[in-house]
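Fold the following and give me the result.
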Amino acid sequence: MNVDWNAGYPSIRLPVFARNIVSTSHPLAAQAGLALLQRGGNAVDAAIGAAAAMAILEPCSNGLGSDAFCILWDGTQLYGLNASGFAPAAWTCEYFRNKYGEAQYPPMRGWDSVTVPGAVAAWVQLSKRFGRLPFADVLAPAIEIAERGYAVPVVVQQKWAAAVPDLKGMPGFAETFLPNGRAPRVGERFVFRAAARALRAIAETRGDALYGGEIGAAAAAHAARHGGAMRVSDFAAFSPEWVQPIGMEVYGHRLHQIPPNGQGIAALIALGILQHLDVAAHAVDSAAGLHLQIEAMKLGFADTYAHVADPSAMRLTVEQMLDPDYLKKRALRIDRKRAQVFDTGHSDKGGTIYLTTADERGMMVSFIQSNYMGFGSGIVIPEWGLSLQNRGHAFSLDPTSPNCVAPRKRPFHTIIPGFLTRDGLPQMSFGVMGANMQPQGHVQTLVRMLVHGQQPQAACDAPRWRFNQGLSINVEAAMAGATTRELMAYGHQIDVIQDSYQDFGAGQFIWRLGDPAVEGYVAASDSRRDGQAAGY
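Presented below is the predicted three-dimensional model:
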């Protein structure tokens with residue numbers, strides 16, 4: 001990497017160099033994945049082990065009832081896995097209208113926000129196809145953490161406590177996540193034996209306990225008691241889908257994303273537009289350069305929100321949305337001195353974990369799993385520690401929308417793992433969590449690294465902006481005051497805020513330095529969370 005390793009921003013993190021690396025938003029999950037590598041496992045084993053541990057360690061973002069996506073390099077080629085769950089067979093527009101009148105979207109919480117969770121199925125599929133260790137061995141570190149308990153860290157505790165007013169009355173939530181009638185305090189031990197029981201059953205049955213077995217049956221019975229439509233048959237019918245990642249050449253590299261129903265295409269559109277705007281002519285933290293990125297991102301969201309849905313329902317193809325001539329025309333819409341309003345759709349807060357792993361044999365894994373909006377639906381099956389996502393809320397109830405709800409259909413999805421190659425070889429596995437901040441985080445960090453030559457930890461630590469809707473953006477308090485004032489002069493309506501957890505995302509990055517067995521990798525972990533990059 002031809003970068004200035006001494007340049008950076010105020011941070012408690014330094015880049016980590018090693019031949020085998022796990023980077024996550026919780027140190028114990030990083031250590032769980034690293035231990036599996038040291039036992040002879042590969043990067044896929046490490047990713048599954050870290051993901052299972054994260055379901056225990058950061059329940060305010062993900063759990064056993066999450067969805068997941070993955071992009072991985074197996075040493076020869078790139079693979080994509082879409083493990084986002086589909087709607088129950090009973091879900092139709094009429095189903096929701098009969099219950100909720102003229103609502104625009106399914107509810108935010110409760111059983112009518114829950115689609116079939118896909119994360120556990122992702123672990124199973126990845127293990128079957130690429131893992132080296134027995135599946136039960138890979139889940140063992142997470143089981144031990146759940147049974148012994150762990151001290152709750154600072155950022156996780158903040159968001160755990162913040163969710164209590166909204167979720168304390170949801171079925172199973174208080175019983176599971178409010179020991180002593182409240183959220184755990186920083187440094188207080190939290191034990192999750194019910195989730196350990198579920199992980200053991202999942203390990204013994206290679207996931208069948210959830211997808212049609214005793215855990216799925218318990219969830220369906222819980223849904224029936226609380227007015228939900230989910231049935232055992234919905235769990236049993238689900239399986240993840242192996243997909244070909246979509247991609248685009250950006251600044252001498254190729255950026256790969258999971259295809260729709262995910263929003264990764266928004267980052268591709270924005271970067272495709274930026275390549276027509278000479279971003280390199282502006283200093284890395286200049287208002288002029290940031291303005292171009294913000295406007296390009298607005299255009300990316302405008303198309304993404306209007307057209308992305310389950311591929312079977314989309315009216316435009318990926319190729320049409322990424323057509324170079326079209327993106328060149330879109331770039332002409334940007335005024336270099338004035339912020340503009342584009343139709344962006346609605347925006348929601350996130351609840352996601354991202355992790356990445358790499359080993360000395362050359363395997364690299366970019367993996368993301370999420371509830372959505374923190375704890376997700378708020379629904380928990382207490383005897384199994386199964387907290388369920390609320391991805392169904394992302395459906396539309398407008399019959400004319402390509403994202404309109406339908407039986408066994410996947411909703412528009414916010415979580416996106418990223419992967420970068422150069423000349424057909426792997427360069428970086430990375431991701432930035434946080435709902436619609438995710439493509440924005442991809443764009444900002446990649447411009448910093450690929451255009452301005454910043455090293456991964458510096459690109460990760462740099463102050464970020466976040467586009468909301470219309471002319472509204474947020475910027476981190478660390479952004480220079482002069483830059484913020486100049487952006488406001490362009491017409492951006494700015495709120496300066498500091499939320500380390502969701503508002504500006506949190507990333508993990510692993511950049512390949514050369515031969516993995518010799519030069520290895522360099523990794524970064526975002527200081528906005530409790531995480532760690534660890535290696536040997």
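
For R185, which non-adjacent residue is closest in space?
Q157 (6.7 Å; Cβ to Cβ, 6 or more residues apart in numbering). Where you see a C-beta, it was placed from the backbone N, CA and C, and this is true even at glycine.

Could you give the number of residues near G213?
18 (other Cβ atoms under 10 Å).

isn't it right up against T205?
Yes: using Cβ atoms under 8 Å, G213 makes contact with T205 at a distance of 5.9 Å.

one step back: relative to G431, how far out is the residue nearest to R185?
23 Å (Cβ to Cβ, to the nearest Å).

contacting residues for the residue nearest to R185?
Contact partners of Q157, counting by Cβ atoms under 8 Å, 6 or more residues apart in numbering, are 183-186.

Quickly find the element holding it.
Counting by DSSP states H and E, the element that carries Q157 is helix 154-167.

Counting neighbours, which bits of that helix end up buried?
Neighbour counts using 16 or more other Cβ atoms under 10 Å place 155-161, 163-164, 167 of helix 154-167 among the buried residues.

Name every strand pairing with the longest strand along the chain and say which way it goes.
Longest strand in the chain, counting residues (DSSP state E): strand 425-433. Sheet partners assigned to strand 425-433 using DSSP bridges are listed as strand 418-422 (antiparallel), strand 506-512 (antiparallel).

And the first one, what's buried?
Spelled out, it's strand 418-422. Buried, per 16+ other Cβ under 10 Å, within strand 418-422: 418-421.

remind me which residues of the stretch 401-536 of the chain are low pLDDT?
Of all residues in the stretch 401-536 of the chain, those with pLDDT under 70 make up the ranges 499-502.

For it, which segments count as strands?
With strands called from DSSP state E, counting those that start in this stretch, the stretch 401-536 of the chain shows them at 418-422, 425-433, 465-469, 472-476, 493-497, 506-512, 521-525, 532-535.

Report the distance from the last one to the chain centre.
The reference is to strand 532-535. With Cα atoms, centre = their mean, to the nearest Å as the basis, strand 532-535 stands 19 Å off its chain's centre.

Render the CA-only coordinates of it in PDB, please.
The C-alpha trace of strand 532-535 is given here as PDB (Å, rounded to 0.1, in the frame of the first residue of the first chain):
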ATOM      1  CA  GLN A 532     -11.100  -5.200  17.800                       C
ATOM      2  CA  ALA A 533      -9.000  -6.500  14.900                       C
ATOM      3  CA  ALA A 534      -6.900  -9.400  16.100                       C
ATOM      4  CA  GLY A 535      -4.400 -11.600  14.300                       C
END
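
now for the longest helix along the chain, which elements pack on it?
If you go by DSSP state H, the chain has its longest helix at helix 287-307. The helices and strands touching helix 287-307, judged by 3 or more Cβ pairs under 8 Å, 6 or more residues apart in numbering; DSSP states H and E, are helix 264-274, helix 437-446, strand 465-469, helix 481-489.

Mean neighbour count and distance to V243 added to the ones you listed, as JSON lines?
Below are the helices and strands packed on helix 287-307 laid out as JSON lines (neighbours: other Cβ atoms under 10 Å; distance: least, Cβ to Cβ, whole Å):
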{"stretch": "helix 264-274", "mean neighbour count": "27", "distance to V243": "11"}
{"stretch": "helix 437-446", "mean neighbour count": "27", "distance to V243": "18"}
{"stretch": "strand 465-469", "mean neighbour count": "21", "distance to V243": "27"}
{"stretch": "helix 481-489", "mean neighbour count": "15", "distance to V243": "37"}
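
In JSON lines, list those along with distance to A288.
Output for those, formatted as JSON lines (distance: least, Cβ to Cβ, whole Å):
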{"stretch": "helix 264-274", "distance to A288": "13"}
{"stretch": "helix 437-446", "distance to A288": "15"}
{"stretch": "strand 465-469", "distance to A288": "13"}
{"stretch": "helix 481-489", "distance to A288": "8"}
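
Compare those and give me the one nearest L34.
In terms of Cβ to Cβ, the element of the helices and strands packed on helix 287-307 nearest to L34 is helix 437-446, at 23.8 Å.

Point out the other helices and strands that the closest one packs with.
For helix 437-446, the packing partners by 3+ Cβ pairs under 8 Å, 6+ apart are helix 264-274, helix 287-307, strand 425-433, helix 456-461, strand 465-469, strand 506-512.

got a list of contacts for the fourth one?
By Cβ under 8 Å, 6+ apart, the residues outside helix 456-461 that reach it are 3, 7-11, 13-15, 428, 430, 444-445, 448-449, 507, 509, 511, 522-527.

Please enumerate the helices of the stretch 51-200 of the chain.
93-100, 119-130, 135-148, 154-167, 173-177, 193-205 (DSSP state H, counting those that start in this stretch).

From the chain's centroid, how far away is the shortest one?
To tie it back to what came earlier, the one meant is helix 173-177. 24 Å.

likewise the last one?
Averaging C-alpha coordinates over helix 193-205 and over its chain gives two centres that are 24 Å apart (Cα atoms, centre = their mean).

So which residues make contact with that helix?
By Cβ under 8 Å, 6+ apart, helix 193-205 touches 52, 55-56, 63-64, 120, 135-136, 139-140, 142-143, 146-147, 176, 209-210, 213-215, 382-386.

mind running it again at 6 Å?
56, 64, 120, 135-136, 139, 142-143, 146-147, 209, 213, 215, 383-385 (Cβ atoms under 6 Å, 6 or more residues apart in numbering).

Report the buried residues of that helix.
194-203, 205.

Tell me the buried residues in the helix or strand following that helix?
Counting by DSSP H and E, the next helix or strand C-terminal to helix 193-205 is helix 214-225. Neighbour-count burial for helix 214-225 flags 214-220, 222-223 (criterion: 16+ other Cβ under 10 Å).
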